Structure formats: structure tokens, C-alpha cells
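Engineer: Have a look; sequence and predicted model below, questions after that.
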Amino acid sequence: MKRTLSRLAATLLATLALVTVSTAPSQAAVPDRKGWVLYNAPGASTVAFGTWPAATTVTPLAPAGRYQVRFPGQAAPGGVVHVTAINASPHWCQVEAWGISVADEIVILRCYKLGGILDPTSFSAFFTSSSGLGAFGPYGYAYSSAAGAVLNQYNSSGAANTVTPGPVGQYLVKFSGLVTGGPLDGSLQATAVNSGTGARCKIAKWSSTAAGQDVLVYCFNSAGAFMNTAFTVTYQYKVSLYGSSYPPKYFGYILNGPPIGPPTTNFNSVGGLGVNTIAPAGAGLSLVTFPRIGFPQNTVQVTAYGPSPDFCGLNTFWANFGAGPDTVVRDVICFTSAGAPSSNGFLVSASSIL
């Protein structure tokens with residue numbers, strides 16, 4: 001199964017290679033490759049504490065609101081990409097394409113403002129690719145087509161992930177073999193993949209069963225109507241968002257329903273279950289604190305949670321400070337599809353290189 005980067009700048013087309021995607025596991029430590037970037041759009045620069053490898057670059061593309069991210073030395077087949085917009089006004093980002101250019105991984109992103117109009121914004125983006133059975137805990141990801149075909153995947157149990165399309169814009173993702181205690185454990189991230197129009201995906205709900213994780217992903221167009229689109233989804237349980245654990249020693253995640261989810265959806269690699277906190281910080285704003293895991297370079301990703309077409313991101317960069325140091329997300333920001341502040345649920349995940 002092959003995929004190529006689409007809609008790339010002409011100068012990239014000559015250098016990007018075809019990517020062969022395999023769902024058959026091979027023996028390798030998890031992950032094979034990874035990278036993340038924190039981009040400051042007003043400054044047209046990467047932010048060091050949120051970027052790994054350090055030499056990662058972001059290049060604005062035409063039309064404005066599209067970006068090329070180059071993760072040096074991180075070329076790997078398959079994998080998944082997640083991205084979170086960082087803006088105090090209603091914005092979201094999605095994936096256009098990703099693939100290999102010699103030794104580097106290239107990711108193309110599209111960012112939109114309200115109305116489905118491409119628009120420059122800051123963002124936090126994340127890439128990982130895994131194979132083999134080396135993940136420490138229940139961990140997996142899937143990249144699905146708009147029709148529900150699994151284009152590439154990883155599952156730490158060695159089982160196959162499946163995607164079953166339902167009504168328009170609704171997908172049931174099963175991470176078979178990723179068994180936890182239930183009834184609701186771990187965390188998830190979901191991101192739309194679409195090269196032609198604005199699209200948003202979120203976690204509508206999930207359950208932890210005796211067979212694995214059953215996840216309902218909802219996807220919407222810019223107006224908030226259900227639409228079929230490709231997407232990526234990642235599940236983590238007591239491991240980092242890139243599937244590794246100890247090291248990294250510093251990672252965490254938390255679910256805001258709202259209210260805050262059960263302790264089994266609130267994990268901190270230093271403090272254990274239930275120690276991360278969420279506090280209201282204004283209309284549509286939530287202050288999230290991950291104690292004692294604030295070691296750079298780290299990344300934070302946010303996904304909206306619940307059945308509505310509301311969406312979430314960050315209103316500014318997170319910070320790592322204090323005696324912990326703590327990772328402080330000030331704030332997660334959520335909006336209705338019409339752009340009004342929203343008390344919508346969300347999932348937020350923080351992972352460090354250390």
C-alpha cells in the first residue's frame with residue numbers, strides 16, 4: 001500500500017519519496033521515529049522548549065495558512081500526525097499529508113479560521129511511527145481513509161485495529177487487544193486529514209472493554225455538519241503519546257468530560273492516577289496543570305471530546321515552571337462551530353523527550 005504527499009510545493013515534489021505502508025509488525029523498539037514542533041506564527045519561528053529534534057523547521061506555504069514541517073532524521077513509513085491550533089480566536093489545524101524526503105519526515109498542515117478560511121496561526125504538531133511489540137503499555141494508533149479503510153496502524157498487542165464507518169462522519173475504531181481494567185481508561189487524540197477543505201475530528205466517546213478499546217470518532221466540516229474525511233487516532237494508557245515509557249519519565253494525560261473524568265483517565269508518570277488538575281479560567285477556558293513533568297523538549301496536544309461539533313485548541317503556549325517543574329497549560333480553549341466560547345469536553349496529553 002502506498003501513499004504520496006499531495007498538494008506539495010513544486011520544489012518538494014522532486015525530493016519526496018513514495019511511502020510504503022505496512023501493517024505487519026516487525027521487531028523494533030517503540031517508536032521507530034518521532035518528532036514534534038511548537039510554532040510561533042507571529043514570530044515565524046519554532047519555539048525551542050516545544051520542538052524536537054532541535055533542527056526541525058517550519059516553512060509557510062501558499063496559500064497562507066498551509067505549512068511544511070520538516071523533522072530531520074525522522075523518516076519512517078506510515079505513522080500518524082496530530083496537530084493542535086494555538087490561537088485565542090476560533091482556529092483549528094488539520095493534516096494535509098505526510099511522508100519521507102530522504103532521511104527526513106515531511107508533514108504538510110492546513111490551518112483555518114471560522115468559516116473554513118485558511119489562515120496563519122501558531123500550532124503544536126506531533127509525528128510518530130512505530131513497529132514491533134516494544135510499547136510498554138496498551139498503546140496504538142490508526143490512520144483511516146474517509147471510507148474507513150485502515151491505511152496504516154500500530155497496536156502494542158500485535159492485534160489489528162479496525163475502523164467501521166457508520167452514518168456520515170461517524171467511525172467506530174476498535175483497538176483490539178489493548179485491554180485495561182475498564183470501564184474507561186487512558187486517553188486519545190484524533191485529527192482530521194484532508195487536503196481539500198476544512199475538517200475537524202474529535203472523540204465522541206469510548207469504552208474500555210474486555211476485548212480492547214472501542215472508540216467513536218466524529219468528523220465535521222467547517223460549518224459543523226457531519227462529513228466523511230480521513231483521520232488519525234491514537235490511544236495511550238500509562239505511556240507517552242509516542243508509545244514509549246521510562247524513558248520518557250515525564251508524561252501525562254487527562255479527560256475533561258466535563259466534569260473531570262475518572263482517575264483512570266487522569267495519569268501522571270510521576271504522581272500516578274488522579275493528580276493532574278483542571279480549573280475553569282473563563283468562558284471556554286480551562287487551566288490544566290501536570291505536576292512535576294515539565295521537562296523540555298515537550299509537546300502538548302488537545303482533542304475535543306463529546307458528540308457536538310464544538311472544537312478545542314490552546315489559546316497560548318504551555319509553560320514549564322515551578323519547583324516540579326510543572327507543565328501548565330494556560331489554557332485549553334473551546335468553541336462552538338459558530339465560534340462562541342464553549343464548555344465542551346476535551347482530552348489533553350503532554351509528553352517529554354526525557
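Structural biologist: Received the coordinates, thanks. Numbering: from 1, shown residues only.
Engineer: Now do the buried residues in the helix or strand hosting Ala190.
Structural biologist: Assigned by DSSP states H and E, Ala190 falls within strand 187-193. Buried residues in strand 187-193, counted by 16 or more other C-beta atoms under 10 Å: Ser187, Leu188, Gln189, Ala190, Thr191, Ala192, Val193. C-beta: built from backbone N, CA, C; applies to glycine.
Engineer: Over to stretch 124-141?
Structural biologist: So for stretch 124-141, counting by 16+ other C-beta under 10 Å, buried means 124-132, 134-135, 137-141.
Engineer: do stretch 80-95 as well
Structural biologist: Under the neighbour-count criterion of 16+ other C-beta under 10 Å, stretch 80-95 has 80-87, 90-95 buried.
Engineer: so which of the residues you listed comes closest to Phe251?
Structural biologist: His82 (14.5 Å; C-beta to C-beta).
Engineer: coming back round to it: now for the buried residues of strand 187-193, which pair is the farthest apart?
Structural biologist: Longest span within the buried residues of strand 187-193, C-beta to C-beta: Ser187 and Val193, 20.1 Å.
Engineer: which residues does the residue positioned nearest the centre of the chain contact?
Structural biologist: The centre of the chain sits closest to His82, judged by C-alpha atoms, centre = their mean, with a distance of 3.1 Å. By C-beta atoms under 8 Å, 6 or more residues apart in numbering, the contact list for His82 reads Ala125, Phe126, Gln189, Ala190, Thr191, Thr232, Thr234, Leu241, Gln301, Thr303.
Engineer: what are the bridge partners for the first one, then?
Structural biologist: Beta-bridge partners for Ala125, by DSSP bridges, are Val37, Val83.
Engineer: Ser337 and Ala225, how far apart?
Structural biologist: 9 Å (C-beta to C-beta, to the nearest Å).
Engineer: Spell out, range by range, the helices that occur in this structure.
Structural biologist: 10-13 (DSSP state H).
Engineer: hey, which helix or strand in it has the poorest pLDDT?
Structural biologist: None of the helices or strands of the chain scores lower by mean pLDDT, DSSP states H and E than strand 19-20, at a mean of 32.
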